[in-house]
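Participant: pasting a predicted model and its sequence here:
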Amino acid sequence: MEPSVRDTLRQLIARYGHSLCDDPRRCEAMLRDLCGQHKREVFILVSALRQRVAADLLGGSGALPTPLLLGRLRKRLEDELALTGEAAHWAVETWALALGIIAGPVIFPTPTPTPAAAPPPPPKPAKEPQPPPKPTFRDRLKDGSEGPEMVRLPPGRFLMGAPAEDDLADAKERPQHEVRIARPFAIGRFPVTFEDYDRFVAATNRQPPDDEGWGRGRRPVINVSWRDAVVYCVWLSAKTGRTYRLPSEAEWEYAGRAGTATRWSYGDDEKTLGDYAWFCDNSGGRTHPVGEKRPNPWGLHDIDGNVLEWVQDVWHKDYAGAPTDGSAWGAPSNASSSSNPAGRGVRGGSCGGNAGGNRVSSRGWHGPADRDGFLGLRLAQDL
């Protein structure tokens, strides 16, 4: 971690006082202006601020001893933001130094719960070291074949939608609001491909979706309606014994952002979009095999382009009254409103969209029976 970012935060707190901690956007803007080359460090510090690290440091959190308080805050950042222990330690220590809670770098413990009774004896060591859980997995179907590749995601909090100052966004992406994903879940590493979907088509004697002459195989499946997507999820659930579904709109954006707060899943530089996405400037107006572009920070491919993707939610014209727990949003209370209660949400960019339309907060809708050459799906699964 660069010490210049730490020194800059200390200088800002010295100049503007503790009130800066009450305004994460202002703090982020100042740090970006002064430390723009250190985007990850700035993101970690601002994320820690949004996790109330500064507030708990200033409040003493119930007069806990300082080392124990610092350890608890570090553990919070590891759990809520999926940070490494080193990054979480650096963030907490930086805020503690900037606020004058500590005078210099310290070693602080990670708290462990006090057992109610004597712990059981440790298990005998295995003959071979046990590998950690894999971040990706594929469920096996009853015929022995493997299902789509899934990525395990941690619980956490994020700001959904676009900030007021984003001039590429519009009213349907606002108001920006905090969403808390309380439980881990899994999401497709890629959009569902023709290779996976055609297995379902053959097993159920359905009409194969049109590939527009672009090819099948590892290309994302297109021309599937929301109803088709739901039936596919039901079929795959029956064949694997695991419950597959469409992600909620909040889950999709949480996965797409992957801990970032930028316009695209990788950052704010439009010139770099071509490294991560197939869109109108590089796609030739057609889909491409999944996984050819770079993934987002959580290993998900084709988030910013290639195909739009169905979500569970009924379409709403903006985020007024949106759920804050990550669940799918049901029908609007006013059935005759312009929110179009029959519509279903779609997220992500497409090979036909421009850079602005392929931002991670961009959203739209289609009727549940609509099929489109730029529209596919991505799976989700509760863990």
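Facilitator: Structure's in. What do you need?
Participant: ranges for the helices of the stretch 1-150 of the chain?
Facilitator: 3-16, 24-35, 39-50, 53-59, 66-81, 85-98 (DSSP state H, counting those that start in this stretch).
Participant: distance to residue 276 added to those, as CSV?
Facilitator: Glycine gets a C-beta too; all of them are placed from N, C-alpha and C. Formatted as CSV, those follow (distance: least, CB to CB, whole Å):
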stretch, distance to residue 276
helix 3-16, 25
helix 24-35, 21
helix 39-50, 15
helix 53-59, 30
helix 66-81, 22
helix 85-98, 23
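Participant: give me the nearest residue to residue 255, chain neighbours excluded.
Facilitator: residue 187 (4.7 Å; CB to CB, 6 or more residues apart in numbering).
Participant: got it, and residue 169?
Facilitator: residue 162 (3.4 Å).
Participant: domain-wise, how is this protein divided?
Facilitator: Domain segmentation of the chain under automatic domain parsing yields 3-98, 136-382.
Participant: what's the mean pLDDT across the last one?
Facilitator: I take that to be domain 136-382. Average pLDDT, domain 136-382: 94.
Participant: chain center to that domain: distance?
Facilitator: 11 Å (CA atoms, centre = their mean, to the nearest Å).
Participant: how far does that domain stretch from start to finish?
Facilitator: Domain 136-382 has an end-to-end distance of 14 Å (criterion: CA to CA, to the nearest Å).
Participant: all strands of the stretch 101-250 of the chain, in order?
Facilitator: In the stretch 101-250 of the chain, the strands defined using DSSP state E, counting those that start in this stretch lie at 136-137, 150-153, 156-160, 177-181, 185-188, 244-245.
Participant: can you tell me which of those is most buried?
Facilitator: strand 185-188 (a mean of 23; mean count of other CB atoms under 10 Å).
Participant: so what are the sheet partners of it and their directions?
Facilitator: strand 150-153 (antiparallel), strand 380-382 (antiparallel) (DSSP bridges).
Participant: now those as JSON lines including distance to residue 92?
Facilitator: Listed next are the strands paired with strand 185-188 as JSON lines, based on distance: least, CB to CB, whole Å:
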{"stretch": "strand 150-153", "distance to residue 92": "23"}
{"stretch": "strand 380-382", "distance to residue 92": "31"}
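Participant: which one of those lies nearest to residue 246?
Facilitator: Closest to residue 246 of the strands paired with strand 185-188, according to CB to CB: strand 380-382, at 6.4 Å.
Participant: would you list the strands of the stretch 101-250 of the chain in TSV and tack on distance to residue 226?
Facilitator: Formatted as TSV, these follow (distance: least, CB to CB, whole Å):
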stretch	distance to residue 226
strand 136-137	26
strand 150-153	21
strand 156-160	21
strand 177-181	22
strand 185-188	16
strand 244-245	12
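Participant: for the ones you listed, which one sits closest to residue 87?
Facilitator: strand 156-160 (14.3 Å).
Participant: quick one: strands adjacent to the closest one?
Facilitator: strand 177-181 (antiparallel).
Participant: with just CA atoms, put the partner strand into CSV.
Facilitator: These are the backbone C-alpha positions of strand 177-181, laid out as CSV (Å, rounded to 0.1, in the frame of the first residue of the first chain):
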residue,chain,number,x,y,z
HIS,A,177,-29.4,3.4,-2.6
GLU,A,178,-27.5,1.0,-0.3
VAL,A,179,-28.3,-2.7,-0.6
ARG,A,180,-27.2,-5.4,1.8
ILE,A,181,-26.7,-8.9,0.5
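Participant: so which residues make contact with it?
Facilitator: 50, 153, 155-161, 250-251, 254, 319, 322-326 (CB atoms under 8 Å, 6 or more residues apart in numbering).
Participant: follow-up on the earlier one: nearest to residue 218, of the helices of the stretch 1-150 of the chain?
Facilitator: helix 39-50 (31.6 Å).
Participant: now do the buried residues in the closest one.
Facilitator: 41-50 (16 or more other CB atoms under 10 Å).
Participant: angle of it against helix 85-98?
Facilitator: With axes from the mean of the first three to the mean of the last three CA atoms, to 10 degrees as the basis, helix 39-50 and helix 85-98 are set at 70 degrees to each other.
Participant: which elements pack onto helix 39-50?
Facilitator: helix 3-16, helix 24-35, helix 66-81, helix 85-98 (3 or more CB pairs under 8 Å, 6 or more residues apart in numbering; DSSP states H and E).
Participant: format these as a markdown table; extra columns: mean pLDDT and distance to residue 196.
Facilitator: Shown next, in a markdown table, are these (pLDDT from 0 to 100; distance: least, CB to CB, whole Å):
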| stretch | mean pLDDT | distance to residue 196 |
| --- | --- | --- |
| helix 3-16 | 85 | 44 |
| helix 24-35 | 87 | 40 |
| helix 66-81 | 83 | 32 |
| helix 85-98 | 87 | 35 |
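Participant: go through the ones you listed and name the closest to residue 365.
Facilitator: helix 24-35 (28.8 Å).
Participant: counting by contacts, list what the closest one packs against.
Facilitator: Helix 24-35 packs on helix 3-16, helix 39-50, going by 3+ CB pairs under 8 Å, 6+ apart.
Participant: okay, those in a markdown table with distance to residue 181 next?
Facilitator: Listed next are the helices and strands packed on helix 24-35 as a markdown table, based on distance: least, CB to CB, whole Å:
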| stretch | distance to residue 181 |
| --- | --- |
| helix 3-16 | 28 |
| helix 39-50 | 14 |
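Participant: residue 306: which of those helices is closest?
Facilitator: Closest among these, once you apply CB to CB, is helix 39-50, at 25.1 Å.
Participant: average model confidence for the closest one?
Facilitator: 86.
Participant: okay, that helix in CSV with CA atoms only?
Facilitator: What follows is helix 39-50, C-alpha atoms only, in CSV (Å, rounded to 0.1, in the frame of the first residue of the first chain):
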residue,chain,number,x,y,z
LYS,A,39,-7.4,3.8,-7.4
ARG,A,40,-7.5,0.6,-5.4
GLU,A,41,-6.2,2.2,-2.2
VAL,A,42,-8.7,5.0,-2.5
PHE,A,43,-11.5,2.5,-3.1
ILE,A,44,-10.5,0.5,0.0
LEU,A,45,-10.5,3.6,2.2
VAL,A,46,-13.8,4.9,1.0
SER,A,47,-15.4,1.4,1.3
ALA,A,48,-14.1,1.2,4.9
LEU,A,49,-15.7,4.6,5.5
ARG,A,50,-19.0,3.4,4.2
